[in-house]
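1. mind looking at a prediction? Sequence and model below.
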Amino acid sequence: MQSLQQIFAEFNSLNILIVGDVMLDSYIWGAVERISPEAPVPIVNVKKRDVRLGGAANVALNVQALGATPFMVALCGADDSGKRLLQMVKDQNLSAEGLVVSSTRPTTVKTRVIASSQHVVRVDDESDKPTSAEEEKELWKRIEKLLPACHAVIFEDYDKGVISAGLIRQTVALAKQLGKPTIVDPKKRNFLAYEQVTLFKPNLKEMREGLKVELEAANQIQLEAAIKILKDKLQVEGVMATLSEHGVYIDYQNEKMKLPAHAREIADVSGAGDTVVSIAALAVALKLTPKQIASLSNLGGGLVCQHVGVVPIDKGELLAEATRLGV
């Protein structure tokens, strides 16, 4: 059996294709000292501003932080935010080969206003309309070109319109033909379009909305029944459901298990799903056991929640914590 050190070293040899919605995460940090006389809302005195890569681009940063090489296939706008995103991709030494610039839609920007480590408000500048036929054709060209050299595919779906049912079908078919695993971080719109993927990674809210079922994380019978419905509907090889403070449940390769969350001081859950799917994809690409896949993913998702704002995983910290806990 491979040691953790060997597994983490093998991450460095992997190429991962990420198909999905890229965005900018913008932050306004400040302090609240009084309420506005114009309306009953807090006045935030701005101390600092920050912009980070988000969405599928944050998945790419997580994959890169783990030592692998990410390739993104996504859209950004022909606007100032799009130019900034492309420059940040370059600055982070990420490939922009799969990025398509759209003249018909804005670059997605999520602006979070944070005061004293508390979210005050979030402002989203975006379009969630489906891609045009021409844009989808351009995205598919990039996938066809990049997928053969990659070891796994991540669908990072934020419901912003980049991923369509048709693009999913084409990509999954090509991945199957080439023997590459597909790992999905889904959202509501395409939830039931991800047929025959390797590992489907919904959270509780996504499962409730996607399957229209009553579901409590602490109710094992409900959970197992929902996952069986999901596996039957989509004919996927495996499901790994993230359950927030209740940990993670995996049903994959004839193994079923629920792992508890690790007790942590939670600062911010933003981006935890990006970290979880990144680790899961690398673990599936290396053909690790279901328990290893779930354990490492669960651990990584918890670690990034200790930081305010969206941040990628620290590989050294993950290895040290996994070693300490005997993963």
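-> Thanks, I have it.
2. give me the low-pLDDT residue ranges for the chain?
-> Scanning the chain for pLDDT under 70 picks out the ranges 263-271, 307-310.
3. can you give me the strands for it?
-> For the chain, the strands defined by DSSP state E occupy 15-20, 22-35, 42-55, 69-77, 99-102, 109-115, 118-125, 152-156, 182-185, 199-200, 238-242, 248-252, 255-259.
4. those strands: which one's closest to Leu286?
-> Nearest to Leu286, of all the strands of the chain, is strand 152-156, at 9.2 Å by Cβ to Cβ. No exception for glycine: its C-beta is placed from N, CA and C like everyone else's.
5. so which of the strands of the chain gets nearest Leu167?
-> Closest to Leu167 of the strands of the chain, according to Cβ to Cβ: strand 15-20, at 7.4 Å.
6. and the closest one, how far from the chain's centre?
-> 11 Å (Cα atoms, centre = their mean, to the nearest Å).
7. now do stretch 250-264
-> With Cα atoms, centre = their mean, you get 18 Å for stretch 250-264.
8. contact partners of it?
-> The contact list for stretch 250-264 (Cβ atoms under 8 Å, 6 or more residues apart in numbering) reads 199, 220, 223-224, 227, 231, 237-241, 243-249, 289-291, 293-295, 298-299, 302-303, 305-306, 325.
9. list only buried entries from those.
-> 199, 223, 227, 231, 237-241, 243-244, 246-249, 290, 293-295, 298-299, 302-303, 305 (16 or more other Cβ atoms under 10 Å).
10. ok, back up a step: can you redo the strands of the chain as JSON lines with distance to Glu136?
-> Shown next, in JSON lines, are the strands of the chain (distance: least, Cβ to Cβ, whole Å):
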{"stretch": "strand 15-20", "distance to Glu136": "12"}
{"stretch": "strand 22-35", "distance to Glu136": "16"}
{"stretch": "strand 42-55", "distance to Glu136": "18"}
{"stretch": "strand 69-77", "distance to Glu136": "10"}
{"stretch": "strand 99-102", "distance to Glu136": "10"}
{"stretch": "strand 109-115", "distance to Glu136": "23"}
{"stretch": "strand 118-125", "distance to Glu136": "23"}
{"stretch": "strand 152-156", "distance to Glu136": "15"}
{"stretch": "strand 182-185", "distance to Glu136": "18"}
{"stretch": "strand 199-200", "distance to Glu136": "22"}
{"stretch": "strand 238-242", "distance to Glu136": "27"}
{"stretch": "strand 248-252", "distance to Glu136": "30"}
{"stretch": "strand 255-259", "distance to Glu136": "37"}
